[in-house]
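J.: Structural data only, the sequence is not supplied:
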């Protein structure tokens, strides 16, 4: 599995945690990093997660109740901006001991976490970690941040759908204007032509397309158009 | 200076917090007569302040509020999707690359630099977090000022009349506007970036191996 679009398609079809799990494994392979993890707290406070950490580490984490000292949890819980682990507070003794142990269990020395919110108090973290130099990590994040944000939210949308239990038949609900935009693009119209036909500016069109892209769980506009056609919400 | 503060951390800056919510009451209730509520402290707050938004705040030298705005991700609950979908053509604007900006507020005696400073802060947020758009609810009389700064919004809807008129608009990052905004704010790019990095505890390249951030290397 080489393309993010393919992984996003897998996510969009996922109906069970095991399928999300497989996507974390594909992502690890794709980015060649130590670990990829997604965990989620739903609207009634239940947690679940998936990812590539070893079961030894997960067992250890739960056994020692590390949730209460893990700086990633503490530092991301009240945020919605992406966080490089270097920005977190690792200064306390328990936090340092925790990190030392995490590294022994194969967790990377560099990490990046994207905190996310759902509409009803849901909260989730998407994390990628690796062992490399500060410079290499900064360059990697700088290059990949946008894609990582999109993939992270792909997991989150699927987790939301699972919570609502609306899959596998759920189709994304797009407004008539978003559907018009997708239809015009599918017909091969340029953005300028599509905006003109819809009597809106290109800027407004870009926002409608971006909103539709997100709802469709697509990685880019081309992917969003293909998804719209594939699931039959537009007909050309 | 510019501060970037989540609501959860606002109490660490009591004077800034108090003057910001009072200035909001003054602007939105007293001057614009918007349908907003002011609590017993004289603070204008709404349900979105309770969602732990990120505030970008211009802090005066004495620690008081010079101006501010409020950001929320559009993947969660937002004012526009809750109340103004009829102004966005029925489109619920939702994307991790689009954040909502509301409650753009200036202190009554705000320096001319403040608006430009806030616009600069919004640009830092957009650029550093890979955002592509802001969607905002704003006082349409601000349009002239945005235009002067070269960051005029695409207005997609309006509602109300007179001082109670509100606009819904879109902003994109405009790199070419940066020099003009910086000049009017009298803030260099380095200064602006250092305020941002300090707020989010982001080590600069040259300090990456400082003790403070070298924890991983030591571990």
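T.: The structure has been received and is ready for your questions. This structure is a prediction, so every number in the text was calculated from the model and none was measured. Numbering: from 1, shown residues only, chains lettered A, B, ... in the order given.

J.: pretty sure residue A:113 is in a helix, no?
T.: No - Residue A:113: not assigned to a helix; according to DSSP: H, G, I helix; E, B strand; the rest coil it is strand.

J.: and it, how many neighbours?
T.: 23 (other Cβ atoms under 10 Å in any protein chain shown). No exception for glycine: its C-beta is placed from N, CA and C like everyone else's.

J.: Could you do residue B:132 as well?
T.: Neighbours of residue B:132 using other Cβ under 10 Å come to 16.

J.: That one and residue B:97 touch, don't they?
T.: Yes - between residue B:132 and residue B:97 there is a contact under Cβ atoms under 8 Å: 4.3 Å.

J.: and for the two, which residues touch both?
T.: Residues touching both residue B:132 and residue B:97 (Cβ atoms under 8 Å, 6 or more residues apart in numbering or on different chains): residue A:210.

J.: can you map out the helices along the chain?
T.: Using chain A. Using DSSP state H, the helices of chain A run over A:4-13, A:17-31, A:55-63, A:71-77, A:93-104, A:134-164, A:176-186, A:191-197, A:202-216, A:221-230.

J.: meant chain B, my bad for not saying
T.: Secondary structure of chain B, counting by DSSP H: helices at B:14-24, B:79-83, B:113-128, B:143-149, B:178-185, B:189-199, B:215-218.

J.: Could you list the domains of chain A?
T.: Using automatic domain parsing, the domains assigned to chain A come out as A:4-164, A:176-230.

J.: Pick the most buried one from the helices of chain A.
T.: Ranked by mean neighbour count, those are led by helix A:202-216 with a mean of 23 (mean count of other Cβ atoms under 10 Å in any protein chain shown).

J.: Relative to chain B, how far out is residue A:130?
T.: According to Cβ to the nearest Cβ, to the nearest Å, residue A:130 stands 11 Å off from chain B.

J.: List the residues that contact the most centrally placed residue in chain A.
T.: In chain A, the centroid-proximal residue (Cα atoms, centre = their mean) is residue A:152; its distance is 0.7 Å. Going by Cβ under 8 Å, 6+ apart, residue A:152 touches A:38, A:114, A:116, A:126, B:96.

J.: Go ahead and confirm the first one touches residue A:126.
T.: Think residue A:38. Yes - applying Cβ under 8 Å, one finds residue A:38 in contact with residue A:126, separated by 5.1 Å.

J.: Give me the below-cutoff pLDDT ranges for chain B.
T.: The model of chain B has pLDDT under 70 over residues B:205-219.

J.: Strands of that one, residue ranges please.
T.: Under the criterion DSSP state E, chain B contains strands at B:2-6, B:54-59, B:65-73, B:98-106, B:133-138, B:154-159, B:166-172.

J.: could you dump the ones you listed to JSON lines with mean neighbour count and distance to chain A?
T.: Formatted as JSON lines, the strands of chain B follow (neighbours: other Cβ atoms under 10 Å in any protein chain shown; distance: least, Cβ to the nearest Cβ, whole Å):
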{"stretch": "strand B:2-6", "mean neighbour count": "20", "distance to chain A": "6"}
{"stretch": "strand B:54-59", "mean neighbour count": "24", "distance to chain A": "7"}
{"stretch": "strand B:65-73", "mean neighbour count": "25", "distance to chain A": "5"}
{"stretch": "strand B:98-106", "mean neighbour count": "24", "distance to chain A": "6"}
{"stretch": "strand B:133-138", "mean neighbour count": "24", "distance to chain A": "5"}
{"stretch": "strand B:154-159", "mean neighbour count": "17", "distance to chain A": "4"}
{"stretch": "strand B:166-172", "mean neighbour count": "21", "distance to chain A": "5"}
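
J.: Any chance of CSV for those, columns distance to residue A:185?
T.: What follows is the strands of chain B, written out as CSV (distance: least, Cβ to Cβ, whole Å):
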stretch, distance to residue A:185
strand B:2-6, 36
strand B:54-59, 33
strand B:65-73, 25
strand B:98-106, 19
strand B:133-138, 18
strand B:154-159, 19
strand B:166-172, 19
